[in-house]
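Asker: here is a sequence with its predicted model. Questions after.
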Amino acid sequence: MRQLPSGLPADVDQSQFERVLSNAARLAVVGIGFAVFLTALQAGQVFLAPVTLAIVVGLMFGPVADRLESWGVPPALSAGVVVLLLLTVIAGFATMFAVPLSEWVARAPLIWEKLQVQLANLREPLESIGQFQEQLTSVLGTEGAMSVQVEDTSTVAGVAMLAPAALAQVAIFLASLYFFVATRDHIRMSVLSMCVTRRMRWRTAHVFRDVETKVSRFLLSVTLINLCVGTAVSIAMWVIGMPSPLLWGAMAAVLNYIPYVGQAIMITVLVAVGLGTQTELWQILLPVACYAGINFVEGQIFTPHFIGRSLTLNPFIIFLSITFWIWAWGPVGGLVAVPTLLIAQSVIVHALPSKPLAPRKPVRRTHQMSDRDELLANAAQAIAEKRREEGGEGFNRDRVEPPLGTRPTGVEPSTS
């Protein structure tokens, strides 16, 4: 058996095929685990979705419970107050907007008829599609046209089937919210007691602190911003003469909790209502323009100012998280998408701490610079200092040859 040189890893003697096969096996295990994770998420939606939402809402109402407990209120009673406060807010909104919502539901058939009249203008494009279908049928030589069969299902039966599951999820959410708020300190102490080293306990404590701070600050800030957006939308709809302005303001405030997707849904609803209630193009697009303008001001001025420092996440990552959780859990997934990203960010930052790239002479920050600009400028300054120290040739001088027997061609470097 050939002896390996000292200091080389044990897998150097493996062939290239064996190394590729080993890496493929590891990737396959990761892929299987990810597939099992996705299956478990969808299979356990009835239980996991309300529990996760309860944890997120509990983190938002954590400061309220802390304030009550600082006044001598027992944790069990403070948790009950939090649940009752949430139910009161939901009941108040439902009572306030039940009348206008019922009016629009009653007007839905009339709006649908007007929408059909507006869609009748698309008859010519649809007829062109029908002619193309006939030509395609004649070319393929198949008889009969393509048809779509819609099964006649009862709406009442569908609601009756979904009602028990919905009530069960609401009950799980309320129970999980109460027990999480009441026992959050016990959960923290139990997790810390399982940490075997002092460094692990320190990092875990910082994870709990950052998660509670970031999620609660983010959700409270977003709630305040959404209330302002809803108020502004209600005023704008009242000014332009849109019926039920409070309803549209409430809808804008609720949908604004889901970035990107919520705004798209709101614009679609306003366009549909405009097509069903107005005849002129400018009257149809005016509510959409008002909402888009308010949302643009909110997204470009207020949101970066209030939560720009706490929500330091890539917008593309946020969009992927929202689409993934909506696919997995529906509307509830859209509500927990951004908070779960903040939780994951806090865990990763403290579990895998990295040394920041800091220059010897930090860049002086101006009023026009943001946190991101300052970070990038200091990183560029540190890289420039490193290059000046190495004279531009440090990487070539420190180039290390690969270990013996690890070259792809099997040719060893000459020792001369």
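Answerer: Happy to help now that I have it.
Asker: so where's the stretch 51-200 of the chain uncertain?
Answerer: Low-confidence segments of the stretch 51-200 of the chain, defined by pLDDT under 70, span residues 107-108, 111-163.
Asker: distance between stretch 335-345 and the chain's centre?
Answerer: 6 Å (CA atoms, centre = their mean, to the nearest Å).
Asker: which parts of that stretch are buried?
Answerer: Leu335, Val336, Ala337, Val338, Pro339, Thr340, Leu341, Leu342, Ile343, Gln345 (16 or more other CB atoms under 10 Å). The way it works is simple: take the backbone N, C-alpha and C, and place the C-beta from them, glycine included.
Asker: contacts only, for the third one.
Answerer: Meaning Ala337. Ile258, Ile318, Ser321, Ile322, Phe324, Trp325, Ile326 (CB atoms under 8 Å, 6 or more residues apart in numbering).
Asker: rerun at 7 Å
Answerer: Contacts for Ala337 were tallied using CB atoms under 7 Å, 6 or more residues apart in numbering; they are Ser321, Ile322, Trp325.
Asker: kindly report the same for the fifth one.
Answerer: By CB under 7 Å, 6+ apart, the contact set of Pro339 is Val56, Val215, Phe218, Leu219.
Asker: of these - the most surrounded one?
Answerer: Among the contacts of Pro339, Val215 has the most neighbours (other CB atoms under 10 Å), with 24 neighbours.
Asker: tell me the two of the contacts of Pro339 that are most distant?
Answerer: Greatest spatial distance among the contacts of Pro339 (CB to CB): Val56 and Phe218, at 10.1 Å.
Asker: from Ile172, how far out is the most centrally placed residue in the chain?
Answerer: The residue lying closest to the centre of the chain (CA atoms, centre = their mean) is Ala337, at 2.8 Å. Relative to Ile172, Ala337 is positioned 20 Å away (CB to CB, to the nearest Å).
Asker: and Asp11, what pLDDT?
Answerer: In the prediction, the pLDDT value recorded for Asp11 is 50.
Asker: now, of the contacts of Ala337, which are buried?
Answerer: Buried among these (16+ other CB under 10 Å): Ser321, Ile322, Trp325.
Asker: tell me where the protein has strands.
Answerer: Read by DSSP state E, the chain holds no strands at all.
Asker: now do the domain split for it, please.
Answerer: Annotated domains of the chain cover 18-120+164-351, 357-386 [automatic domain parsing].
Asker: winner for burial among these?
Answerer: Neighbour counts (mean count of other CB atoms under 10 Å) averaged over each of the domains of the chain peak at domain 18-120+164-351, with a mean of 15.
Asker: straight-line length of that one, end to end?
Answerer: Using CA to CA, to the nearest Å, one end of domain 18-120+164-351 lies 33 Å from the other.
Asker: try stretch 38-47
Answerer: Terminal residues of stretch 38-47 lie 15 Å apart, using CA to CA.
Asker: just how off-centre is that stretch within its chain?
Answerer: Distance of stretch 38-47 from the chain centroid (CA atoms, centre = their mean) equals 17 Å.
Asker: same thing with stretch 360-376?
Answerer: On CA atoms, centre = their mean, the centre of stretch 360-376 falls 29 Å from the chain's centre.
Asker: so what touches that stretch?
Answerer: Residues outside stretch 360-376 that contact it (CB under 7 Å, 6+ apart): Arg309, Ala377, Asn378, Gln381, Glu385.
Asker: pLDDT weak spots in the stretch 201-350 of the chain?
Answerer: 304-313.
Asker: could you pull out the helices for it?
Answerer: Assigned by DSSP state H, counting those that start in this stretch, the stretch 201-350 of the chain shows helices spanning 245-255, 261-277, 281-297, 303-307, 315-329, 331-351.
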